[in-house]
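Undergrad: What follows is a predicted protein model with its sequence.
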Amino acid sequence: MSVTHADRRNATSAEKIWSIEDGVLTAQEGERVVHRVPLDRVTQVRLALEMAGKEVQVVCRVSVPGEGEAVFGSQSWAGVGQWNNRAQSFRALLGELHTALMPRRDEIRFLEGQSLAFRWIMTAFGAVMAVIGAAIAVFLLAFEENTAGFFAVAPAVTGGWIAWLFRPRAPKPYDPATYAKVPS
């Protein structure tokens with residue numbers, strides 16, 4: 001029997017049971033198969049940190065061209081602001097996935113971190129926030145001679161920090177052997 005991992009991404013999705021059998025990553029909702037990813041067609045695996053309420057979770061995105069991606073994480077949505085820690089079964093499935101993909105390691109992109117599109121969006125958000133905060137601060141301090149302009153400095157600095165933190169960079173590859181199970 002394969003390792004299984006239960007995961008629910010958000011309030012609008014049902015819980016899926018993920019497993020790998022016969023070279024296929026499969027997600028089931030109850031008895032119904034809702035997602036099948038043949039591992040011989042995988043072109044990219046991305047590990048990224050994402051928010052899960054007040055906590056942070058690791059999310060794995062397995063991509064197949066033309067079919068989108070399979071997504072599962074180390075925390076499972078349980079209710080508003082509530083997440084169940086499923087790190088143990090997540091790690092086991094992640095290990096099994098990487099072990100199954102090791103023979104094709106040179107054909108697959110193993111990446112960590114957020115996508116470039118997400119980074120551009122967050123950089124733009126931070127830059128807009130910084131410009132608006134700075135404009136309000138300058139307007140109030142220089143033209144209105146109002147010290148309330150100092151309150152706009154905080155959003156300007158925060159926006160600049162967000163823009164710098166999420167600045168677009170090349171994806172960072174990782175070694176899949178790090179997660180693959182070692183034969184015993």
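TA: Nice, I can see it.
Undergrad: So the most centrally placed residue in the chain versus A6, what's the distance?
TA: By CA atoms, centre = their mean, the mean C-alpha position of the chain lies nearest to A48, the distance being 3.9 Å. As for A48, its distance to A6 is 20 Å (criterion: CB to CB, to the nearest Å). From N, CA and C alone the C-beta is placed, and that goes for glycine too.
Undergrad: Determine the three-state secondary structure at S76.
TA: strand (DSSP: H, G, I helix; E, B strand; the rest coil).
Undergrad: Please give me every residue in contact with it.
TA: S76 sits next to A6, D7, R8, E15, W83, N84, R86 when contact means CB atoms under 8 Å, 6 or more residues apart in numbering.
Undergrad: For my notes, confirm the first one occurs in a helix.
TA: Same thing as A6. No. A6 is assigned strand when assessed by three-state DSSP, not a helix.
Undergrad: okay, the contacts of S76 in TSV with neighbour count and pLDDT next?
TA: Below are these laid out as TSV (neighbours: other CB atoms under 10 Å; pLDDT from 0 to 100):
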residue	neighbour count	pLDDT
A6	14	93
D7	25	93
R8	20	91
E15	15	93
W83	19	90
N84	15	89
R86	19	94
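Undergrad: and of those residues, the nearest to L39?
TA: D7 (18.1 Å; CB to CB).
Undergrad: Just the local confidence number for the closest residue to that closest one other than its chain neighbours, please.
TA: Distances taken as CB to CB, 6 or more residues apart in numbering put F72 closest to D7, at 4.4 Å, once the chain neighbours are dropped. The predicted structure scores F72 at 95 on the pLDDT scale.
Undergrad: cool, and A117?
TA: pLDDT, read off for A117, is 88.
Undergrad: One more: the one 4 residues further on?
TA: Turning to I121, the model gives it a pLDDT of 95.
Undergrad: If you count neighbours, what's buried in stretch 11-19?
TA: By neighbour count on 16 or more other CB atoms under 10 Å, the buried set for stretch 11-19 is K16, I17, W18, S19.
Undergrad: go on, stretch 87-98?
TA: By 16+ other CB under 10 Å, the buried positions in stretch 87-98 come out as S89, F90, L93, L94, G95, E96, L97, H98.
Undergrad: before we move on, what about stretch 168-184?
TA: P171, Y174, P176, Y179, A180.
Undergrad: would you list those in TSV and tack on pLDDT?
TA: Shown next, in TSV, are those (pLDDT from 0 to 100):
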residue	pLDDT
P171	81
Y174	94
P176	94
Y179	90
A180	87
